[in-house]
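K.L.:
from the sequence below, what's the structure:
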Amino acid sequence: MTLQQLQKQVLELPISDRWTLVQILLESLQQETSSKLKKGNLSRLRGIAKSTEISSEDVEVDYVNYLTEKYQ
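P.N.:
Okay, here's the model as predicted:
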């Protein structure tokens, strides 16, 4: 069945049936869209929680440098 044939048949349905069909179509589109978005979001967030190890010495050196520049 082609899209044009389907459209012709749908337009012959009573209005209550067409509204039901619209609701069914919207729900299916929302489900497919949300599942694709969820997968896309997860792949973009992969690795976000990785941390680099910073030693306390590095932190101290950075802080001393910051204070030195600030109070010169």
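K.L.:
tell me which residues of stretch 54-65 come out buried.
P.N.:
When neighbours are counted by 16 or more other CB atoms under 10 Å, no buried residue of stretch 54-65 is found. (C-beta placed from N, C-alpha, C; glycine too.)
K.L.:
could you shift the numbering so residue one becomes 147, and keep it that way?
P.N.:
Sure, I'll start numbering at 147, so the last one becomes stretch 200-211.
K.L.:
helices along the chain, start to end?
P.N.:
Remark: helices assigned in the chain by DSSP state H are 149-157, 161-191, 202-216.
K.L.:
got these as TSV, with mean pLDDT columns?
P.N.:
TSV is the format used below for the helices of the chain (pLDDT from 0 to 100):
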stretch	mean pLDDT
helix 149-157	95
helix 161-191	82
helix 202-216	83
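K.L.:
tell me the spacing between His175 and Tyr212.
P.N.:
Quick fix: residue 175 reads Leu, not His. Distance of Leu175 to Tyr212, computed by CB to CB, to the nearest Å: 53 Å.
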